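[1] quick one: sequence plus predicted model below, questions after.
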Amino acid sequence: MNSKSATSQLLPFPTPSARLVIVGLLALQIVFAVGYILSKVLVDEFPPLIWAWMRAGLTALFMYLITVSMKRPHPKFDRKFFIPLIWLSLLGGVLTQVFFLVGLKYTTSTNSAILNTLNPLITLLTVILMGREKATPLRVSGFFVSFCGVLILSGAEKIKLANSTLFGDLLTLASTLTYGVFVAISKDFFLKYDRFWIT
């Protein structure tokens, strides 16, 4: 079996075009940018864990209705599916969201946004340590330049490292770590099963 046919068996849905992927990533960044501000307002008004539960619960219901209405091919609900799903959910869902929202309560939205730009760097470091990617000079320098660019555009001079925000900054960093590891190790799982059902 050649690699093309093997890949087609792993993908029970059409592969999106490069243009659609770019548009999706741009839309995601806009949502993230607005999300920092709105989430900061919400976690200042009521407990962040309640907001995390509401956010996850409503998203799960919304995605379930979309998935069923689209008649997406659901995976076989066995140990091979659920055990990795539990671990990935803890990393990319529960821990990431709890650390992010609790951290946001105790730090500023600027700090949170800047610290979360470490996600690509942590993802790169993880895949390099796992032996899936090579630390080429071009790749490392590209991420470094991107990170510096985000710092400049975000107004890095506004970031505060005072004791009043240190606890929130550390939790935000923990959120970045868990999400970076999640992105690095979840690719094979998302290729094997329908991403709508996984979400």
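    Cool, got the structure.
[2] low-confidence ranges, the chain, go.
    The model of the chain has pLDDT under 70 over residues 1-14, 150-151, 153-163.
[3] middle-most residue in it, spatially?
    Against the mean C-alpha coordinate of the chain, by Cα atoms, centre = their mean, the closest residue is Y179 at 5.2 Å.
[4] so that one versus F32, what's the distance?
    12 Å (Cβ to Cβ, to the nearest Å). (C-beta placed from N, C-alpha, C; glycine too.)
[5] and what of S186?
    Counting by Cβ to Cβ, the gap from S186 to F32 is 18 Å.
[6] between the two, which is the more surrounded one?
    S186 (17 against 11; other Cβ atoms under 10 Å).
[7] residues contacting that one?
    88, 91-92 (Cβ atoms under 8 Å, 6 or more residues apart in numbering).
[8] how about it, phi and psi?
    phi -90, psi -10 (degrees, to the nearest 10).
[9] which helix or strand contains T165?
    helix 163-185 (DSSP states H and E).
[10] helices and strands around that helix, which ones?
    Contacts defined by 3 or more Cβ pairs under 8 Å, 6 or more residues apart in numbering; DSSP states H and E place helix 163-185 against helix 96-105, helix 109-115, helix 119-129.
[11] for those, which one ends up most surrounded?
    helix 96-105 (a mean of 23; mean count of other Cβ atoms under 10 Å).
[12] contacts for that helix?
    Residues contacting helix 96-105 (Cβ under 8 Å, 6+ apart): 36, 39-40, 43-44, 48-49, 51-52, 55-56, 112, 116, 167-175, 178-179, 182.
[13] got a PyMOL select line for the buried ones in the residues you listed?
    Only the buried entries of the contacts of helix 96-105 go into this PyMOL selection, using 16 or more other Cβ atoms under 10 Å:
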select buried, resi 36+39+40+43+48+51+52+55+112+116+168+169+171+172+173+174+175+178+179+182
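[14] heading C-terminal from the lengthiest helix in the chain, find the next helix or strand.
    When the chain is parsed with DSSP state H, its longest helix is helix 18-45. Next helix or strand after helix 18-45 toward the C-terminus (DSSP H and E): helix 48-69.
[15] packing partners of that following helix?
    helix 18-45, helix 96-105, helix 195-198.
[16] now tabulate the ones you listed in CSV and tack on distance to Y64.
    As requested, those are exported to CSV (distance: least, Cβ to Cβ, whole Å):
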stretch, distance to Y64
helix 18-45, 20
helix 96-105, 18
helix 195-198, 9
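[17] quick one, which of these is nearest to K71?
    helix 195-198 (10.4 Å; Cβ to Cβ).
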